[in-house]
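# model the structure of this input:
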Amino acid sequence: MLNSIKLSAIVHATEDEDKVLEAIELFIQEDVDEEKINLEVVETQGYFGNPIKIINVSVEGKNADKTFKHIMDLIKSNERNLNKLKKDLHLRVEDNKFYVRFDKQRAYLGECRVIDGDDVVRAVFNFKIFGKKNKEEKVKEIVEGYERGELELLPGLNLEDSREAYISNVLREARDKAGAIAERYLGLDNHAVIMAVTGARGNILNITQMAACLGQQSVRGKRIFRGYRGRVLPHFEKGSSDARSHGFVRSSYKKGLSPTEFFFHAMGGREGLVDQAVRTAQSGYMQRRLINALQDLKTEYDGTVRDSRGIIVQFKYGEDGVDPMLADRGKAVNIDRIIDKVKMKYNK
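Reported below is the predicted structural model:
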């Protein structure tokens with residue numbers, strides 16, 4: 001959701017103020033009500049003491065949405081603009097704001113060109129998204145409700161467990177929304193997205209953690225609580241139950257983790273390594289026991305499964321006679337797949 005758009009440009013002493021206004025007007029939708037547009041002209045001095053004017057134009061609410069779509073259409077009209085934005089998108093985003101600069105001279109001539117210079121029309125898009133900051137505020141509200149005893153209990157859970165369930169859902173939603181935004185802007189021209197979508201390697205969650213937000217780190221399926229007395233780390237207040245103090249990592253791998261976020265991530269990662277080691281040993285022992293239990297069984301030429309004494313264990317191998325090595329997702333024959341292969345072969 002878009003809160004507002006702010007367009008600004010500097011009018012130097014040698015420039016015509018009306019022409020600079022025309023350059024700004026290129027980025028405003030024509031059917032936007034002029035009364036809803038806030039115009040401000042500030043007279044000041046430049047770096048060397050020369051007189052300049054700064055024109056600020058702001059659009060809010062529904063008019064901001066219309067203006068945003070109009071500006072996006074202008075940007076899309078030139079593939080060079082899209083390539084420029086994709087290349088340094090991470091440098092243009094800060095909190096809930098998105099920054100873009102347009103060539104002022106070309107804008108006056110009716111052309112939209114994204115650049116990084118100084119003689120520009122600056123655009124600041126102020127978004128209201130359900131991102132990490134808003135979700136942390138939601139967590140704070142849940143904690144306050146818990147402290148007042150007003151939190152609604154979930155079925156089968158006490159007050160404390162209900163608080164943790166509510167907080168986990170909110171933080172999971174924050175991570176997923178951040179990932180959805182990253183996925184939308186990365187597109188199928190990104191190699192990591194191609195690998196995740198095609199199933200070659202990884203998934204969208206991995207992309208989310210690389211480009212957007214790592215999310216909540218957990219130990220034994222819960223938020224992190226073990227550590228110092230009354231708090232996990234000495235960097236946080238005693239008794240705090242907010243998101244950051246119990247393992248929520250706002251940063252991404254690309255941005256880099258803070259020291260406390262890195263520590264929480266290491267705690268969750270260590271548990272994963274231990275689980276993998278233990279699970280490998282358990283599954284290996286289970287396989288050994290199965291092999292020892294089934295090593296005397298064999299399939300006879302009549303299709304029955306018998307033990308070493310000739311006693312019938314199954315009248316038909318696997319109850320369906322299908323060899324798992326030759327089966328297709330548990331089926332002896334996958335008709336749909338065969339039809340697809342024939343179509344691909346003869347429809348070239």
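
# how near is the residue located most distally from the centre of the chain to D16?
Relative to the centre of the chain, and counting by Cα atoms, centre = their mean, the farthest-placed residue is R309 at 60.2 Å. Distance of R309 to D16, given as Cβ to Cβ, to the nearest Å: 104 Å. Every residue, glycine included, has its C-beta placed from N, CA and C.

# and if you look at D328?
Distance, D328 to D16, using Cβ to Cβ: 73 Å.

# same thing with L85?
Distance from L85 to D16, by Cβ to Cβ: 30 Å.

# cool, and Y47?
21 Å.

# what about these two, which has more around it?
Neighbour totals were compared for Y47 and D16, and D16 leads with 10 against 6 (other Cβ atoms under 10 Å).

# now that one: how far from K104?
12 Å.

# over to G321?
77 Å.

# same check on K69?
Where K104 is concerned, K69 sits at a distance of 22 Å (Cβ to Cβ).

# okay, those two: which has more neighbours?
Legend: neighbour count by other Cβ under 10 Å for K69 and K104, higher for K104 (24 against 12).

# looks like the more buried one contacts V121 (just checking).
Yes - using Cβ atoms under 8 Å, K104 is in contact with V121, at 5.2 Å.

# what is in contact with the two at once?
The contact sets of K104 and V121 overlap at 9, 23 (Cβ atoms under 8 Å, 6 or more residues apart in numbering).

# where do the strands of the protein begin and end?
Using DSSP state E, the strands assigned to the chain run over residues 2-11, 37-45, 51-60, 93-94, 97-103, 120-127, 215-216, 218-219, 222-223, 248-249, 298-299, 305-306, 312-314.

# could the ones you listed be laid out in JSON lines, adding mean pLDDT?
JSON lines is the format used below for the strands of the chain (pLDDT from 0 to 100):
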{"stretch": "strand 2-11", "mean pLDDT": "87"}
{"stretch": "strand 37-45", "mean pLDDT": "87"}
{"stretch": "strand 51-60", "mean pLDDT": "88"}
{"stretch": "strand 93-94", "mean pLDDT": "76"}
{"stretch": "strand 97-103", "mean pLDDT": "88"}
{"stretch": "strand 120-127", "mean pLDDT": "88"}
{"stretch": "strand 215-216", "mean pLDDT": "90"}
{"stretch": "strand 218-219", "mean pLDDT": "89"}
{"stretch": "strand 222-223", "mean pLDDT": "90"}
{"stretch": "strand 248-249", "mean pLDDT": "92"}
{"stretch": "strand 298-299", "mean pLDDT": "92"}
{"stretch": "strand 305-306", "mean pLDDT": "94"}
{"stretch": "strand 312-314", "mean pLDDT": "93"}
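
# most tightly surrounded among those?
Mean neighbour count, computed with mean count of other Cβ atoms under 10 Å, is highest for strand 248-249 among those, reaching a mean of 26.
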